[in-house]
Each structure stands twice: as structure tokens, then as C-alpha cells.
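> Take this sequence and fold it.
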Amino acid sequence: MLNDQCFDASNQSGVCYTRLKCRLIGGAYSGICALGLGACCVVSQSCHKQTSDKVVYFKNPAHPQVDTSAQLCDMTVNVKDPDVCQVRLDFVDFQLDQPTLGDCIGDKFRVTASGGSPLDIPVLCGLNTNQH
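Down below sits the predicted model:
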């Protein structure tokens, strides 16, 4: 069905849209869905972008090379559906500086929210591949 989750040949997750909608949101057509009526649309974003898409791959611009820049790389997720109460982050390939004595001194990953309840999510660093 249109707007359902779909998977491409390399098992990347996407959303079933029309080809036009996929192009309009900056996605990549990655196979068919909805009995051939839809396009499995895989969306990738990078630093300083915003998204309200159901499924998005956030990629460091240097990936798969090691990024040695000391700049902030952020992304804003705008949840538009009032029934959504949770956002899941899957770390497919995620490695930052290792912690020092249990503290993230160098590179770190932080989740913040605007509005609603404060988040109790710890700062992440180190190897988090295949975690969520």
C-alpha cells in the first residue's frame, strides 16, 4: 500500500510513495511496491537538514570515510502526526570517539526535543553500530 514501509534490494527501509512524491521529497527510487503502483522511496539526509518523513537515513557527509572535522552536524525531525509518541533511531553504522573514564569527551551524539516532556536520553559515544 502507498505510504507503508518497504524494503529495497539491499534491505534498506523506505516508504512506498508515487515516483513523483519520492522525487519531490528528495528521495531515491529504489524498487516497486503497492503491487507495482508505488515506488519504494529511500530518503537520505545529512548535516543541517530537516525532515518529516517516516523513514530517513542520516549520513555523515564523509561516510564511509572517517570524518575528522570538528564541526557540529545536526538534523531536525519534525513529527507532524499527533498520534506519534515515540521516534526510533536505529544506528546502522555508528562509531564515535570512545569514552574517557565513562565520559564522552570528544565526538558525541545527543538527542534533544522541543515541547513536551524533557528527555532522559544519555549522551552517546563509542561504537553503537546495530543499536537503537
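> Enumerate every residue touching the nearest residue to residue 87 once chain neighbours are set aside.
Leaving aside its sequence neighbours, residue 87 sits nearest to residue 77 (CB to CB, 6 or more residues apart in numbering; 6.1 Å). The way it works is simple: take the backbone N, C-alpha and C, and place the C-beta from them, glycine included. Residue 77 makes contact with 50, 51, 52, 56, 87, according to CB atoms under 8 Å, 6 or more residues apart in numbering.
> run the last query once more with 10 Å
Each residue near residue 77 by CB atoms under 10 Å, 6 or more residues apart in numbering is listed here: 45, 49, 50, 51, 52, 53, 56, 58, 87, 89, 111, 113.
> Likewise for residue 82?
Shown in contact with residue 82 (CB under 10 Å, 6+ apart): no residues.
> Relative to residue 5, how far out is it?
Residue 82 sits 20 Å away from residue 5, going by CB to CB, to the nearest Å.
> same question, residue 128
For residue 128 relative to residue 5 (CB to CB), the value is 23 Å.
> Report the residue ranges of every domain in the protein.
1-72, 88-131 (the TED database).
> Which of those has the highest mean neighbour count?
Compared across these, domain 1-72 shows the largest average neighbour count, a mean of 15 (mean count of other CB atoms under 10 Å).
> and that domain, average pLDDT?
The average pLDDT within domain 1-72 is 87.
> coming back round to it: tabulate the contacts of residue 77 (JSON lines), appending secondary structure and distance to residue 123.
Formatted as JSON lines, the contacts of residue 77 follow (DSSP: H, G, I helix; E, B strand; the rest coil; distance: CB to CB, whole Å):
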{"residue": "45", "secondary structure": "strand", "distance to residue 123": "22"}
{"residue": "49", "secondary structure": "strand", "distance to residue 123": "22"}
{"residue": "50", "secondary structure": "strand", "distance to residue 123": "22"}
{"residue": "51", "secondary structure": "strand", "distance to residue 123": "22"}
{"residue": "52", "secondary structure": "coil", "distance to residue 123": "25"}
{"residue": "53", "secondary structure": "coil", "distance to residue 123": "26"}
{"residue": "56", "secondary structure": "coil", "distance to residue 123": "22"}
{"residue": "58", "secondary structure": "strand", "distance to residue 123": "17"}
{"residue": "87", "secondary structure": "coil", "distance to residue 123": "17"}
{"residue": "89", "secondary structure": "coil", "distance to residue 123": "14"}
{"residue": "111", "secondary structure": "coil", "distance to residue 123": "9"}
{"residue": "113", "secondary structure": "coil", "distance to residue 123": "14"}
